[in-house]
Each structure stands twice: as structure tokens, then as C-alpha cells.
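In: 3D model of this:
(chains A, B and C)
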Amino acid sequence: MRYWLIKSEPDVYGIDDLARDSTTPWTGVRNYQARNFMRDQMKPGDQAFYYHSNCETPGIVGIAEVSRAAYPDATQFDPRSKYYDDKSTTENPRWLHVDFRFVRKTPLISLDELRRHQPLAGMRVLARGNRLSITPVDPDEWKYILGLMKK
DNA sequence: GCCAACGTTGGC
DNA sequence: GCCAACGTTGGC
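Out: Below you'll find the predicted structure:
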């Protein structure tokens, strides 16, 4: 089982939206690295920190888990979708995604706070200029952050 | 709203 | 296959 961090803008689809919907298809990912993580590594049961980006206080706000392994993203075939990709075909779909299930909300662990902890210094999401919307989290980092949430 | 950092595109 | 131009991300 693996651990992840997934970013989402609360104005677009935040943790409360996931809590309301219970599960959601993680569509619209148009970055090859992020797609490859979903396609090649994510398995049902994998756990993910839910991270709010592009907002007043960016940071981790909850936990989700993979509820379905990767399958083709329907939005790439819809000409009216902003995620439409005219180079993708149903025979050979370019974009895949998993489904996520809501697990729970957590106390906010802000980006600022994450940066303050030496054991988390290697986290991909903290790397300078990082823009990847899906990044792996080490088990040790996962445990450490869970510990921060209990304080 | 600014802008640095980064990924992608496309001309050559 | 290089790389300049462009578009997007996301913290601030």
C-alpha cells in the first residue's frame, strides 16, 4: 500500500465536496507524471492526504483513499469539456484517473507548518517550484504528519 | 494580481 | 532533437 498527496483547489473541488459526494472520479489530470502515478502505482486502498492549493492557507485538510484503480478519463472525449483532447482515442486513451473515497477531515496542516519540520524536508510537495498535483509520500512522512494532527 | 518555475508545443 | 515561445500552476 502506498501513500500520496493530492492537490485540489477548494474553490473547484475541496474536501467538503468530497465529504458530500463520498467518492469522486479524479478526472481532468493532464500531466504525464501525475497520470503515470495513477496508472502504474495507485491501488485501491492507497491513502492520500488531501491538500488545498491556490487558497488563503494552502495545506493538508483531510484524508482520502483510492477506491478504484485507473480507468480512461471520459472528459478527454467530450468536445465541450475543457479537458477535451482531440489527439486521444477510445482505442488508445491518453488520460486515465482513479476514484477517491472520502476518509475524514483533519486539522489543517499548513504548507508553512510542513516546511517547519526537518523530517518532512524531502517531501516532493515542498520542493521548490513543484507543480505536480499528485506526489508520493513516504510511509515515515505519512506517520509523522499523522502525529502532527494529534497535537 | 504578480510572477517564478515548470511542462508542453512546434518551427526549424 | 533543440530550444524559444507559450500556457499553467500556485505561493505570495
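In: most remote residue from chain A's center?
Out: A:E91 (26.7 Å; Cα atoms, centre = their mean).
In: look at that one and give its secondary structure.
Out: What DSSP: H, G, I helix; E, B strand; the rest coil gives for A:E91 is coil.
In: list the residues that contact it.
Out: With Cβ atoms under 8 Å, 6 or more residues apart in numbering as the criterion, no residue contacts A:E91. In this view, the C-beta of every residue, glycine as well, is placed from N, C-alpha and C.
In: now do the phi/psi pair for whichever residue of chain A sits closest to DNA strand B.
Out: Here the residue of chain A nearest DNA strand B is A:G129; by Cβ to the nearest atom of the strand that distance is 1.9 Å. Per-residue torsions, A:G129: phi 70, psi 10 (degrees, to the nearest 10).
In: and the pLDDT for it?
Out: Here the pLDDT value assigned to A:G129 is 88.
In: quick check: residues of chain A near DNA strand C?
Out: Proximity of chain A to DNA strand C (Cβ under 7 Å from any atom of the strand) is limited to residues A:7, A:9, A:30, A:53-55, A:58, A:111-112, A:130-133.
In: which residues outside the lengthiest helix in chain A are in contact with it?
Out: In chain A, with assignment by DSSP state H, the single longest helix is helix A:139-150. Outside helix A:139-150, the residues within contact range by Cβ under 8 Å, 6+ apart are A:3, A:47, A:49, A:60, A:106-107, A:109, A:113-114, A:117, A:119-120, A:122-123, A:137.
In: about what we covered before: which of the residues of chain A next to DNA strand C fall in strands?
Out: The strands, defined by DSSP state E, take in A:K7 from the residues of chain A next to DNA strand C.
In: rewinding a little: buried members of the contacts of helix A:139-150 into PyMOL, please.
Out: Listed next is the PyMOL selection for buried residues among the contacts of helix A:139-150, using 16 or more other Cβ atoms under 10 Å:
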select buried, chain A and resi 3+47+49+60+106+109+114+117+120+123+137
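In: in strands, which of the contacts of helix A:139-150 fall?
Out: Secondary structure assignment (DSSP E) places A:3, A:47, A:49, A:60, A:106-107, A:109, A:137 from the contacts of helix A:139-150 within strands.
In: and the two most separated of those residues?
Out: The most widely separated members of the ones in strands among the contacts of helix A:139-150, counting by Cβ to Cβ, are A:Y3 and A:P107 (18.1 Å).
In: residue in chain A nearest to DNA strand C?
Out: Among all residues of chain A, A:P58 sits closest to DNA strand C, at 3.5 Å; criterion: Cβ to the nearest atom of the strand.
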